[in-house]
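S.K.: Structure for this input, please:
(2 chains)
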Amino acid sequence: MHVGHGRGAAYGAAVADLLAAVGYKVHREYYVNDAGRQMDILAASVWLRYLDLCGENENDELPFPVNGYKGDYVWDIAATLHREDGDAYRHAAAIVLSNLPKDESEGGDSGGDKEQYIDAVISRAKELLGDIAYRKVFDTGLNSILEDIRRDLEGFGVVYEEWFSERQLTENGAVGRAIERLKDSSHLYEKDGAWWFRSTDFGDEKDRVVVRDNGQTTYFASDIAYHMQKLERGFDRVIDVWGADHHGYVPRVKAALTALGDDASKLDVLLVQFAILYRGGERAQMSTRSGEFVTLRELREEVGDDAARFFYVMRKCEQHMDFDMDLAKSQSSDNPVYYIQYAHARVCSVLRQLDEKSIEHDSNNGLAHLAVLTESHEQSLLTRLSRYPEVVESAALNHEPHQLAHFLRDLANDFHTYYNAHQFLVDDVALRDARLCLIRATRQVIANGLGLLGVSAPESM
RNA sequence: GCGCCCGUAGCUCAGCUGGAUAGAGUACCGCCCUCCGAAGGCGGUGGUCACAGGUUCGACUCCUGUCGGGCGCGCCA
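M.R.: The predicted structure follows:
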């Protein structure tokens, strides 16, 4: 999983948890793009690497497509396939390559077209392998990648109730049904052999193709079917989290929902801007092309899950963000995550002192004497704590977890200030019990708040 | 060319659906532990809220335009 998806994952998870915290029944769903050409390209790439492992490339007679997926994970998948099924999918290199069009060269123009070439390789794979074997290669690749993503996100504290398959939408007829409904309501028309959705009727800048002239439905058709079905499943509100580079698709998806007679205002699309990673004051390489892109896993390993989750939601989602990896992993006061976690750990440390000094905390006595908390630092801490519910509600309803992040920072500041100004473990029992109630409440709110952002609250650091 | 997002202190960002002298962190300078963790606290320096108009009793906030940065504008996914 590319690090570019990290912000959307952290943001979506925080919004979902916030909404759940204020009482919404939340269903978290990951939309799996398992239909379409990119998965076929993966399958073809895996197959070619597999043939290599079978020994079909001993004399470099089996070139790898310019447009194929070159990552190491493709080799891993091919190896799994070879380990499990041996030479079952093996075909001679000469047969695989016979009569294929020219591939584009790495440099650029050699007369070949890389798109046409990879498509030809895919067709050849389907033709030689047959449906069942092709499906096996395809699914081995897909499942491997999905499993990887699932593990990665789970480790990141981002979990879903459902992994929704795009392919399923075609197979269970939802895509066809959506298209029929649009045809019946005459929102589709045929032109140049393709079927177009008249999205301009709903304010989009141009009409969009849903069925290509070759009979294949487009990605947009799946989108329509997905959202149609989502509302059919009985959800009153749908929140999509998209990368901001897809912003142009919002009008057409909403247009389609309106055309279907659904209420498009039930759909909120949250666009998450890119986060630019900085390391050592320089932009970290993130391009996919080089094959050397930073993965979410690498980021997690480098800065830690807590810092990554917190940094990703520290800013408004529509704000372009600079992610300073050096700051995120620094264990110093510069780092807001440590600052907040430290406040939590400090309270825990004070509570540990109770045991060491054999002091009992009578919380009922403390609650009965809250009126003695008259110091200005105590007042501001109390006031801050009392705002927590409204901050959570506002952060949830506005889909702005950064509000909570900022609140926690301020709360930690109030606490640290208080800590420096006053002793908690005083001889006056009523005052001591009341103060311990206050800092326990502080600890609880910090733990709850960090929890909503997917960040841990350690008892010591 | 058109569309979306952004432009607030040297740097990274808040500013709660317009309200009083614009706030944090960081950086820089100076203080504070015989005391529950100094991974902390306190004070100071620092801004023409990109620019120009407009609406308003009042604009960082709303509208228009300009400039600058990012991202999109396929019968790709």
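S.K.: Local confidence estimate at residue A:292?
M.R.: Residue A:292 is assigned a pLDDT of 50 by the prediction.
S.K.: for the strand or helix carrying residue A:79, packing partners?
M.R.: For residue A:79, the host element (DSSP states H and E) is helix A:72-85. Using 3 or more CB pairs under 8 Å, 6 or more residues apart in numbering; DSSP states H and E, the elements in contact with helix A:72-85 are helix A:37-51, helix A:114-155. Just so you know, the C-beta spots here come from the backbone N, C-alpha and C atoms, and that holds for glycine as well.
S.K.: so what's the residue in the stretch 151-300 of chain A that RNA strand B sits nearest to up against?
M.R.: Of all residues in the stretch 151-300 of chain A, the one sitting closest to RNA strand B is residue A:192 (2.6 Å; CB to the nearest atom of the strand). With contact set as CB atoms under 8 Å, 6 or more residues apart in numbering, residue A:192 has these partners: residue A:213.
S.K.: tell me the SS of residue A:67?
M.R.: When classified by DSSP: H, G, I helix; E, B strand; the rest coil, residue A:67 comes out as coil.
S.K.: The residue nearest to the spatial centre of chain A and RNA strand B: what is the separation?
M.R.: Nearest to the mean C-alpha position of chain A, by CA atoms, centre = their mean, lies residue A:9 at 2.3 Å. The span separating residue A:9 from RNA strand B equals 18 Å under the rule CB to the nearest atom of the strand, to the nearest Å.
S.K.: Where does that residue fall, secondary structure wise?
M.R.: Residue A:9 belongs to helix A:6-21, assigned by DSSP H and E.
S.K.: re the thing from before, spatially nearest residue to the residue nearest to the centre of chain A, not counting backbone neighbours?
M.R.: residue A:158 (4.7 Å; CB to CB, 6 or more residues apart in numbering).
S.K.: Please verify my assumption that the one you found contacts residue A:7.
M.R.: No. Between residue A:158 and residue A:7 there is no contact under CB atoms under 8 Å: 11.4 Å.
S.K.: before we move on, the earlier item: host element of the residue nearest to residue A:9?
M.R.: Here residue A:158 is covered by no helix or strand, with elements defined by DSSP H and E.
S.K.: tell me the pLDDT at it?
M.R.: 96.
S.K.: That one: neighbour count?
M.R.: 25 (other CB atoms under 10 Å).
S.K.: Sort out which residues of stretch A:301-313 are buried, please.
M.R.: Going by neighbour count (16 or more other CB atoms under 10 Å), the buried part of stretch A:301-313 is A:302, A:303, A:304, A:305, A:306, A:307, A:308, A:309, A:310, A:311, A:312, A:313.
S.K.: Check those against RNA strand B and report the nearest one.
M.R.: residue A:311 (9.1 Å).
S.K.: and the closest one, what element?
M.R.: Element membership of residue A:311 [criterion: DSSP H and E] is helix A:305-313.
S.K.: what helices or strands is the very next helix or strand once past that helix leaning on?
M.R.: Counting by DSSP H and E, the next helix or strand C-terminal to helix A:305-313 is strand A:321-324. Applying 3+ CB pairs under 8 Å, 6+ apart, one finds that strand A:321-324 contacts strand A:275-279, helix A:305-313.
S.K.: could I get these as a markdown table with distance to RNA strand B and mean pLDDT?
M.R.: Below are the helices and strands packed on strand A:321-324 laid out as a markdown table (distance: least, CB to the nearest atom of the strand, whole Å; pLDDT from 0 to 100):
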| stretch | distance to RNA strand B | mean pLDDT |
| --- | --- | --- |
| strand A:275-279 | 8 | 86 |
| helix A:305-313 | 9 | 94 |
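S.K.: any chance of these in JSON lines, with distance to residue A:63 too?
M.R.: Converted to JSON lines, these look like this (distance: least, CB to CB, whole Å):
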{"stretch": "strand A:275-279", "distance to residue A:63": "34"}
{"stretch": "helix A:305-313", "distance to residue A:63": "39"}
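S.K.: Poorly predicted segments of the stretch 201-350 of chain A, please.
M.R.: For the stretch 201-350 of chain A, applying pLDDT under 70 flags the ranges A:285-293, A:332-333.
S.K.: near RNA strand B, which residues of it?
M.R.: Contacts of the stretch 201-350 of chain A with RNA strand B, taken as CB under 7 Å from any atom of the strand, map to A:205, A:209, A:212-214, A:216, A:218-220, A:244-249, A:271, A:273-274, A:314-316, A:318-322, A:324, A:331-334, A:336, A:338-339, A:342, A:345-346, A:348-350.
S.K.: So which of those residues sit within strands?
M.R.: Of those, the ones assigned to strands by DSSP state E are A:209, A:271, A:321, A:322, A:324.
S.K.: Of those residues, just the buried ones, ChimeraX syntax please.
M.R.: For the buried members of these, the matching ChimeraX selection, counting by 16+ other CB under 10 Å, is:
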select /A:209,271,321,324
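S.K.: got CSV for the ones in strands among the residues of the stretch 201-350 of chain A next to RNA strand B, with distance to residue A:69 too?
M.R.: Formatted as CSV, these follow (distance: CB to CB, whole Å):
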residue, distance to residue A:69
A:209, 26
A:271, 27
A:321, 28
A:322, 30
A:324, 31
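S.K.: Among the ones in strands among the residues of the stretch 201-350 of chain A next to RNA strand B, find me the one that's closest to residue A:133.
M.R.: residue A:209 (32.0 Å; CB to CB).
S.K.: That closest one contacts residue A:194, doesn't it?
M.R.: Yes. The criterion here is CB under 8 Å, and residue A:209 meets it with residue A:194 at 5.0 Å.
S.K.: Run through who's touching stretch A:261-273.
M.R.: Contacts of stretch A:261-273 (CB under 8 Å, 6+ apart): A:7-8, A:11-12, A:15, A:185, A:227-228, A:231, A:235-244, A:246-247, A:250, A:253-255, A:257-258, A:317-321, A:399.
S.K.: Show me just the buried residues among those.
M.R.: Neighbour counting by 16+ other CB under 10 Å classes A:7-8, A:11-12, A:15, A:227-228, A:231, A:235, A:238-242, A:250, A:253-255, A:257-258, A:317, A:321, A:399 among those as buried.
S.K.: wait, does stretch A:439-456 make contact with RNA strand B?
M.R.: No. Using CB under 7 Å from any atom of the strand, stretch A:439-456 never reaches RNA strand B; the gap is at least 8.7 Å.
S.K.: Understood, closing this out.
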